[in-house]
Each structure stands twice: as C-alpha cells, then as structure tokens.
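Q: here is a sequence with its predicted model. Questions after.
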Amino acid sequence: MNRTALDYVIKAFKYADEGKFKEALENINKALSLDPNNDLALYLKAAILRIMGDVENSIKYFEELKKEKKESSFGDSYLICLTFAKGDYDNTLKHIDELSKISPKCFLSQFHKGLILIERGMYEEALKCFDELLSINNNFTSAWRQKAMLLENLNRFEEALKCLDKLIEINEKDAYAWYLRGRILKKLGRFKEALESLHRAIELDKTWILAYKDIGHIMLNTGNYKKALIYLNKYLKKYPRDVEAKFYKGIIYELLELYDKALKIYDEIISETNEDNILLVIDALIHKAKIYEKLGKIEEAIKIYNKILDNNKI
C-alpha cells in the first residue's frame, strides 16, 4: 500500500470516528487518487456512504471492493444487506449465491434468502431456509422469530408456539417473543394464557404498546368492558389511526348502550377508512344500522342496509 495513501486512510478513520464524514471522505478520495485499488479505502468509503444514506454509491464501492477481493466474503456480505434494504432482491439473491460458494455456512445469506422468499410468497421454501439455519445453530433467535411469524401468518399456530417456546428458552427476557406468544394464544381462544404472555411482554418492556390492543380485545371478548376501554385508550393514544382498535371501542360502547359514542366511532371508521379495509367499513355500517334499529329509526337502518348491498355507494 502506498505510504501517503495509508496516511490519508488513517486520517479518514479518525474523522469517521468523530462523526466528521465529509472530512473523512475528502481524505479517502485523496488516498484513492494515489492508490485506486486500495481495498481499505474502498471499504471505508462504502461504509461511510452507507451511514450517510447514499445506498447507490455505497453499493458501487462495495462492488469495487469485491473485484479487488474476489475470494473474500467481505464485499458480498455488505452487498447482500444493501441490495436487500433497497428492495433489489434479484441482486441480493445473486450475492447470496456468490457468498455461499466462499462461505457455505454463512447465517447472513440464508437469513436474507428466507426473508426474500417470504416477500415473494414462497413460504415453504422460506421455512426450509430457516430450518437450514437452525440446523447449523439451534440458538439463532432471529431465525426462530421469523419462522414463528411466518407460521402464524400461515395459521399454523401450534407450530408457531413451539418456535416461540424455544426462543423464550434461549432468551427469557425477549419481550417480542412473549408478545407474539400472547397474540397467537389469543387467536386460539386461550385467553388466560394469552393475557399472561402479553402482560409479561409489558413487564419486560414498558414501551410495548402493541400488547395493549390485544389485551383490550381479550377483555372485550370476556365481557370486561371497562378494562377493555382502559387498554384500548392507552393503545390509541400512541396509534390514533388504528381503525381496528377504534372498531373494538365502538363495539364496547354499543354493548354498554352508549349509542351516541358508538355511532360517532363507526362514522369515523366509515369516513376515514380506505379501500384496503373495506370489510371493516361494512362491519361498521352493519353495527350502525343495528343501533338505528334498536333506537326505532327503521328508515335510517334500511338506507344503510341498502348502501351495503349496493357496493358502489360505500
């Protein structure tokens, strides 16, 4: 390595450590002008550009580094992360394939491949990826978590629970694992166990607000309406635009015969919800019509039922 180029690289490292990335890049460019194939300078430039959010140029310099270090996993490892973050999955898979030839048991490549397969709807292949990872290292918590989430989405709840039990065995203080466990147990109707897991998640991480929505839903299903409102209000304070949580509140007010409050919420859902949640809009309309029936406003109820049947007017 050119001695003067090395001096510039050392200066660049010092500036980077201080967060002075502009000055660091200036010194790296001076080093590369003297030694264009300096792998340390190429690496540092790529890494700094990544930190600065310039993904395109970061990829460019990691590819340059890869040309210099053909038998090294260095470039491919970073390129997998960067192309994956960019959503360029074809190139991510290309770099995974190249890395597997150099380092066949690399966790990074198989894990990202599994995530891409999920994105592409190739669920069984993704499960095989995670199983391969776990056969190499049975304590790889990220693989257990992703496998559990995928199995949950496939409605294979018992298998998902086994994954989460293993994850909790590895790390008993994993708040997310307890939350996922509670969410799945709720779907299975095992409310007591679900509440225990959800409360454990909050105990481990007070900021785990997502659990409040599930607890509120369980309280609604078990007839504990006042507690349900407490938890749903805590959740909606953080996520005020969650229409599903609002819908739960509407149902509670309806069950408590607080019809004005229920109608107000249903109207919000109907006016604010987009086409992606059209089924929720229909549910809100049905509940609104039922309230009008209870109030003796039959004509208003019929208008709503007609609107539901004529989908073009929703």
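A: Yes, it's here. Numbering: from 1, shown residues only.

Q: centre of the chain to the helix or strand hosting residue 301, how far?
A: For residue 301, the element it lies in under DSSP states H and E is helix 298-309. Distance of helix 298-309 from its chain centroid, counting by C-alpha atoms, centre = their mean, to the nearest Å, is 39 Å.

Q: buried residues of it, list them for me.
A: Buried residues in helix 298-309, counting neighbours by 16 or more other C-beta atoms under 10 Å, are found at 301, 304-305, 307-308. The C-beta positions use only the backbone N, C-alpha and C, and glycine is treated the same way.

Q: ok, residues contacting that helix?
A: Here helix 298-309 makes contact (C-beta atoms under 8 Å, 6 or more residues apart in numbering) with 282, 285-286, 288-290, 292-293, 313-314.

Q: of those, buried ones?
A: Applying 16+ other C-beta under 10 Å to those flags 285, 288-289, 292 as buried.

Q: closest to residue 250 among the buried residues of helix 298-309?
A: Of all these, residue 250 sits closest to residue 304, with 14.6 Å by C-beta to C-beta.

Q: just give the closest residue to the closest one, not the sequence neighbours.
A: Residue nearest to residue 304 in three dimensions, not counting chain neighbours: residue 289, with 4.0 Å by C-beta to C-beta, 6 or more residues apart in numbering.

Q: residues in contact with that neighbour?
A: 300-301, 304-305, 308.

Q: which member of those residues is positioned nearest residue 141?
A: Relative to residue 141, the closest of these is residue 308; by C-beta to C-beta it sits at 46.1 Å.

Q: shaky segments in the stretch 151-300 of the chain?
A: Along the stretch 151-300 of the chain, the model assigns pLDDT under 70 to no residue.

Q: which of the buried ones among the contacts of helix 298-309 fall within helices?
A: 285, 288-289, 292 (DSSP state H).

Q: format those as JSON lines; extra columns: distance to residue 172.
A: Shown next, in JSON lines, are these (distance: C-beta to C-beta, whole Å):
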{"residue": "285", "distance to residue 172": "45"}
{"residue": "288", "distance to residue 172": "46"}
{"residue": "289", "distance to residue 172": "49"}
{"residue": "292", "distance to residue 172": "51"}
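
Q: of those, closest to residue 234?
A: residue 288 (25.9 Å).

Q: measure the closest residue to the closest one other than its chain neighbours to residue 59 for me?
A: The shortest distance from residue 288 to any non-neighbouring residue, by C-beta to C-beta, 6+ apart, is to residue 266 (4.6 Å). Applying C-beta to C-beta, to the nearest Å, the value for residue 266 to residue 59 is 49 Å.

Q: higher neighbour count, those two?
A: Higher neighbour count among residue 266 and residue 59: residue 266, with 25 against 21, using other C-beta atoms under 10 Å.

Q: show me what the strand or helix carrying the more buried one is packed up against.
A: In the assignment (DSSP H and E), residue 266 maps to helix 259-272. Helix 259-272 sits against helix 243-255, helix 278-294, with contacts defined as 3 or more C-beta pairs under 8 Å, 6 or more residues apart in numbering; DSSP states H and E.

Q: which of those helices sits most buried?
A: helix 243-255 (a mean of 20; mean count of other C-beta atoms under 10 Å).

Q: burial measure for the nearest residue to residue 205 once chain neighbours are set aside, as a count.
A: Of all residues not flanking residue 205 in the chain, residue 175 sits nearest, at 3.9 Å (C-beta to C-beta, 6+ apart). Neighbourhood size, residue 175 [other C-beta under 10 Å]: 18.
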